[in-house]
Structure formats: structure tokens, C-alpha cells
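Chemist: take a look and give me a structure for this.
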Amino acid sequence: MFTKVIGHLGYAEVVTLRRLIDNGDTLLELTTEPLSVDQTYNWSVLPSCGAVVVFSGTVRDHSDGRAGVETLAYEAYEEEVLPKCQLITEEMRKQWPTLGRIALIHRLGELQLGESSVLVVVSSPHRPEAFEAARYGIDALKATVPIWKRETWSDGADWAASAQHVTTLDAMNESRAK
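Modeler: All right, here's what the predicted structure looks like:
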């Protein structure tokens, strides 16, 4: 499902799409709207699952070598985000076949301190699988999905110093196995 959302990122006008895939047990979304931890958690709860792990990445006031970060702005190669996220969730279900629901949601645009930029939510019958799968989900999202952040602080703005090259799931899994 694709719905038009018009957003202004502060440094360039962008018309973007709210991209959403929801097949009942997997929720993937790229949006300019604020992320709802409560709503995503509630969606993930299933009678068969006794564990829900929620990871919410939030905007903080510093980064590697930079104090006084005031805002972050996220940009993406939008057409590639959901297909990459779908590959991640397929791999998660392969590695942890008992998982209930999985949500990978990322926000675009300008975010203020304390706002959630990314949510990874996993439900599972038991906590070990939920924790492991959620950790894998955020690590894979950061390593393989083409989303970049621009930091703004009192003296200027630049792309995040901690940015990494986008890789593949296979390469990421190989390096994790070492």
C-alpha cells in the first residue's frame, strides 16, 4: 500500500511516499510521521507469544566526536528500503522460525531530540529468540538498508561521522559468524 505524504525536511523540499507493507505478521514501514512505540507494541502481541522485545532508536544530543547535536534528518533510497527490510525479516524467520510478529519501521525527515527514528519490534513464544531476533533486526537494518542521517548542531551540519557502507545480508551474516 502506498499513500502520498508531503514533507518538508528543512533544507530541501521533498515529496515522499509513506511506504508500508503489512501482511498480518510482518509490518514494514518508511514514513515521515512520528513513530508510535505503544501502537507497534500492541500490534505485536499475540496469544501464542510470551515475549515482546521493542527496540526504539532515539535522537540523542551527541554522536561520535560531536557534542550539542540538536536535530537529525534522515534520507533514504526509498525504493530500496522495504525490499531490503523484507529480506531481513525473511532471514529472521529462517533463523528463528517460532517468531510471531516482526515490525521494522524507520522515519524520514527532520527529528528532534528524544524522538524515535527507528523501531524494531519482535514477538516470540520465548524471550531468548525475541532478544536475539530484535538485535539481528536492528544490526541488519543499519548495515544493509540505504538510510542516512544528517546531524545539525549549533555550529553547523554534516552527514553523521559514524555512517557505514551499505552491505548485503550475506556479507553481514558472514562477518557475524567469524
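
Chemist: use CA for all of it now, contacts and neighbours both
Modeler: Noted.

Chemist: just the pLDDT for the residue of the chain most remote from its centre.
Modeler: Distance from the centre of the chain peaks at Asp155, with 28.0 Å (CA atoms, centre = their mean). Asp155 is assigned 80 on the pLDDT scale.

Chemist: distance of it from Glu33?
Modeler: Distance, Asp155 to Glu33, using CA to CA, to the nearest Å: 27 Å.

Chemist: could you do Pro146 as well?
Modeler: According to CA to CA, Pro146 and Glu33 sit 19 Å apart.

Chemist: more neighbours: those two, which one.
Modeler: Pro146 (18 against 13; other CA atoms under 10 Å).

Chemist: how close does the more buried one get to Leu35?
Modeler: Per CA to CA, Pro146 is found 19 Å from Leu35.

Chemist: cool, and Glu151?
Modeler: Glu151 is 19 Å from Leu35, by CA to CA.

Chemist: and if you look at Arg107?
Modeler: For Arg107, the distance to Leu35 equals 7 Å [CA to CA].

Chemist: same thing with Glu79?
Modeler: Separation of Glu79 from Leu35 (CA to CA): 20 Å.

Chemist: residue ranges with poor pLDDT in this structure?
Modeler: 1-18, 161-164 (pLDDT under 70).

Chemist: and for Arg107, the neighbour number?
Modeler: Other residues close to Arg107 by other CA under 10 Å number 24.

Chemist: whoops, I mixed them up, Val59
Modeler: 21.

Chemist: contacting residues around stretch 45-53?
Modeler: Applying CA atoms under 8 Å, 6 or more residues apart in numbering, the external contacts of stretch 45-53 come out as 41, 44, 100-101, 121-127, 130-131, 134.

Chemist: residues near Ala133, how many?
Modeler: 26.

Chemist: which helix or which strand is home to it?
Modeler: Using DSSP states H and E, Ala133 falls within helix 127-144.

Chemist: same question for Gln86.
Modeler: Using DSSP H and E, Gln86 falls in helix 78-95.
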